[in-house]
Structures are given as C-alpha cells and as structure tokens.
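> Next come a sequence and a model predicted from it.
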Amino acid sequence: MAEVTVENLTKIYGATRALDDVSLDFADGEFFGLLGPSGSGKTTLLRAIAGFIAPESGRIRIGGVSVERLPVERRDIGMMFQSYALFPNMSVADNVGFGLRVRKVGRAEEARRIGEALELVQLENLGQRRPHELSGGQRQRVALARAFVTNPRVLLLDEPLSALDKSLRLDMQIELKRIQREIGITTIFVTHDQDEALTLSDRIGILRDGALVQAGPPREVYGRPGSVFVASFLGEANIFDAEIEAGKLRLPGGGFARLPPGSEGAAAFALRPESIEIGPAPGPEADGFEAILIQRVYSGPVSTLIVEAGGDRFRATVKDTDLPDLVEGVPIALHWDPSALIPIPKP
Ligand code: ADP
C-alpha cells in the first residue's frame, strides 16, 4: 500500500508554477529520491508534504489519512533538512530525545528510545557530549537520530549530506541506507547529486519546471529515459536525431547503425558515453562512426574523450588503461553494441 500519496498537487508563486499537477505514490518502506535541476520544485514538494506550505490544489495522504488540514506536528513525519540545527547547549542524548519530550512519552520510555536511536547511528557512547564536541558526520547522525526517534511514518530528507566532504559523504550514504533498511521507514529524499540518488533510491522521480517527468527504479530511468531531457539530465548522453534511412539510423559523418527494438516512431536516440568503445568495429555485430578526437580528459580510472563528427560533439568514457597513445586532432573509430542505442519516444 502507498504510505504517502500526492495527487494533482499544484503550488504557484506569482508567475511560477513551483509544482505543476504532480501525482506520485510513495510505497511503504520505500527509499524515494527526488531529482531535478535547481528550481524544479523538489524542495517545494517536500515542504508541501511536511506541511510548511499550503498548495493551491491537490491532495496529500499519509498512511491513508488526508493531511491537507493538519499542521506540521500532526503529520507524523520526521525531518532532516540541509540547514538542520542541533541545540548547542543540550547533550547529544537530549537533542535526540527532544521530540519524545514534546510528546511526553515518559522518562523510562524516552531513555530506552534514545538509547536505541543512538545505537542505530552508532553513537551509543557519545550521548553525553555536546554538539560542538562532535565531527560533522557525527552531528549529522545525531540530526538523523532525532528525525526518526519518534517513529514517524515518513522520513523527509532535504539534501541531508550536502555539507559533508566527499569521502565522509560516501560513508554516510552507506550508513543512511543501512539505517533506513533497519527501521524500514518510508523515506523521501531530495538531492542534486545523481550518484547519490542512484545509489540510495529504490525509485527516483525527476522533476522539471514543477512537473514530474519520469519516475521508476534507477536502472529503468537510466536505461530507458522517456525523453531527451531525462537522458541528458540523469548521467550523460549522446543524442542522435532520428534520421532513418532504409531501416537504419544515419550517424554523423555518414555511417549507419542498426535500430534497436522499440525504435518505431522514436523522436531521437541516446547513447551513453560508457557504451562506446574505441577502435574499429570488431565485426558485423557492432555499429559506429569515425570522429576527430578534440580533447582527452583524464579523471583517474576513466578518461573522457570529446570527439567531433559531422559538426557535432560527442563523448565517450573509456578505461584509461585501454587507451593507446591517442593524440588530439587525429581521427578515431568509435563503436558500440547495437543494444546500447536507446530509442527516445516522442513526447
Ligand atoms: P528545487 O528544490 O528543485 O531547487 P524549489 O522547490 O526550491 O526548487 O523551487 C521551485 C520554484 O519555486 C523555483 O522557481 C523557485 O524560485 C520558486 N519558489 C520557491 N519558493 C518560493 C517562495 N517562497 N517564493 C517565491 N518563489 C518560490
């Protein structure tokens, strides 16, 4: 059963449709990642679910109950936002227990639940410390424990890890996923970091100009983008216009590629940079074209090749160790398996 249901939600600020008729179900226990360019409505959707803003129209249900008229504190949600603040003069344990004291759960119950929450975020020995005596990652765990200690139906996270440096952020992603799994709480999560969304989410939803343009499991959305926008926003994509000749796709520079299944009526075709291999096609089972190498960008294990053909630029990512001594300015052959080409349906 859907734990959170959003139906035809619209929020207007002046001339901006911050949310434009958004409908979305969040399943019980699901980790759902909201993605989209800056200004696409991610935070507005989260804040509407939380109850901080009132939408112009639409419905929101949490656990089957309509919450449009309920204030924030009665919606049974836990929250952790980017600019979360811990109470500096309270101990870690008191910070975590704040929501329990507001709910007057009783001393023994409060102590037990704080203990459990601290154990889950692996801070069981630091309950008496003050926030300033913790590292950034530890403070974030306290904020997280405070968000779920009241055992809410839904956890809303807005860029919760954005203040952390990269390695700590990767550790916290793994931690967050583990904790979410252990308590099995429905979690809706806003991030601008695609890798983070792909790693953590059971499903992702992509917003553009306030509208939901696609939702599904990360593999499906990445592998079967429904529009050029999604193909280019989620990861990188080379886009070919759908110029079909004699049942084949015309490639830049005059080559042709076979069409994958589902190509009928496609508006365009996408090809992921990592699907491309360098070198002449190994046989009739591969498709490709020749292009001039414009730039080779080294980034550790892989290199990105920027190439030009027929007046357009394309990208290929290849293992750096696979690269022969490629020199910028010379022609190289690119090829790929026919199944790598992704047909993009007409809007
Ligand atoms: P995101 O979280 O995806 O970056 P937001 O939900 O914050 O996007 O914003 C969506 C749109 O609504 C943007 O165009 C933003 O400028 C506008 N917006 C958000 N909050 C307000 C506000 N309080 N007043 C006016 N416009 C707002």
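Cool, got the structure. Residues are numbered from 1 along each chain as shown.
> next one: phi and psi at residue 183?
Residue 183 adopts backbone torsions of phi -90, psi -10, taken as degrees, to the nearest 10.
> Could I get the contacting residues of it?
120, 148 (CB atoms under 8 Å, 6 or more residues apart in numbering). From N, CA and C alone the C-beta is placed, and that goes for glycine too.
> can you give me the strands in the stretch 201-347 of the chain?
Using DSSP state E, counting those that start in this stretch, the strands found in the stretch 201-347 of the chain span residues 203-208, 211-216, 238-241, 244-245, 248-250, 256-258, 266-271, 277-278, 287-299, 302-309, 312-319, 331-336, 342-345.
> Show me the shaky parts of the stretch 51-200 of the chain.
Scanning the stretch 51-200 of the chain for pLDDT under 70 picks out 83.
> Residues of the stretch 1-150 of the chain that sit close to the ligand?
When proximity is defined by CB under 6 Å from any ligand atom, the stretch 1-150 of the chain lies next to the ligand at 13, 16, 18, 36, 38-44.
> Going by neighbour count, which residues of stretch 110-121 are buried?
110, 113-114, 117-118, 120-121 (16 or more other CB atoms under 10 Å).
> Can you name every helix or strand that the helix or strand hosting residue 9 contacts?
In this structure, residue 9 sits in strand 2-13 according to DSSP states H and E. For strand 2-13, the contact count by 3 or more CB pairs under 8 Å, 6 or more residues apart in numbering; DSSP states H and E identifies strand 16-27, helix 42-50, strand 57-62, strand 186-190 as packing neighbours.
> Now distance to residue 206 and mean neighbour count too, for those, in TSV please.
TSV is the format used below for the helices and strands packed on strand 2-13 (distance: least, CB to CB, whole Å; neighbours: other CB atoms under 10 Å):
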stretch	distance to residue 206	mean neighbour count
strand 16-27	11	19
helix 42-50	10	23
strand 57-62	19	17
strand 186-190	12	25
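> Reformat these as TSV; add distance to residue 128.
Shown next, in TSV, are those (distance: least, CB to CB, whole Å):
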stretch	distance to residue 128
strand 16-27	37
helix 42-50	31
strand 57-62	35
strand 186-190	29
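> Of these, give the one that comes closest to residue 207.
helix 42-50 (5.8 Å; CB to CB).
> among the strands of the stretch 201-347 of the chain, which is the most enclosed?
strand 203-208 (a mean of 23; mean count of other CB atoms under 10 Å).
> which stretch of helix or strand covers the closest residue to residue 87 other than its chain neighbours?
For residue 87, ignoring the flanking residues on the chain, the nearest one in space by CB to CB, 6 or more residues apart in numbering is residue 95 at 5.5 Å. Taking DSSP H and E as the criterion, residue 95 maps to helix 92-102.
> May I see the strands of the stretch 201-347 of the chain organised as JSON lines, with distance to the ligand and mean pLDDT added?
Formatted as JSON lines, the strands of the stretch 201-347 of the chain follow (distance: least, CB to the nearest ligand atom, whole Å; pLDDT from 0 to 100):
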{"stretch": "strand 203-208", "distance to the ligand": "6", "mean pLDDT": "98"}
{"stretch": "strand 211-216", "distance to the ligand": "11", "mean pLDDT": "98"}
{"stretch": "strand 238-241", "distance to the ligand": "24", "mean pLDDT": "94"}
{"stretch": "strand 244-245", "distance to the ligand": "36", "mean pLDDT": "90"}
{"stretch": "strand 248-250", "distance to the ligand": "34", "mean pLDDT": "92"}
{"stretch": "strand 256-258", "distance to the ligand": "36", "mean pLDDT": "89"}
{"stretch": "strand 266-271", "distance to the ligand": "24", "mean pLDDT": "96"}
{"stretch": "strand 277-278", "distance to the ligand": "36", "mean pLDDT": "90"}
{"stretch": "strand 287-299", "distance to the ligand": "27", "mean pLDDT": "91"}
{"stretch": "strand 302-309", "distance to the ligand": "27", "mean pLDDT": "93"}
{"stretch": "strand 312-319", "distance to the ligand": "26", "mean pLDDT": "93"}
{"stretch": "strand 331-336", "distance to the ligand": "33", "mean pLDDT": "91"}
{"stretch": "strand 342-345", "distance to the ligand": "23", "mean pLDDT": "95"}
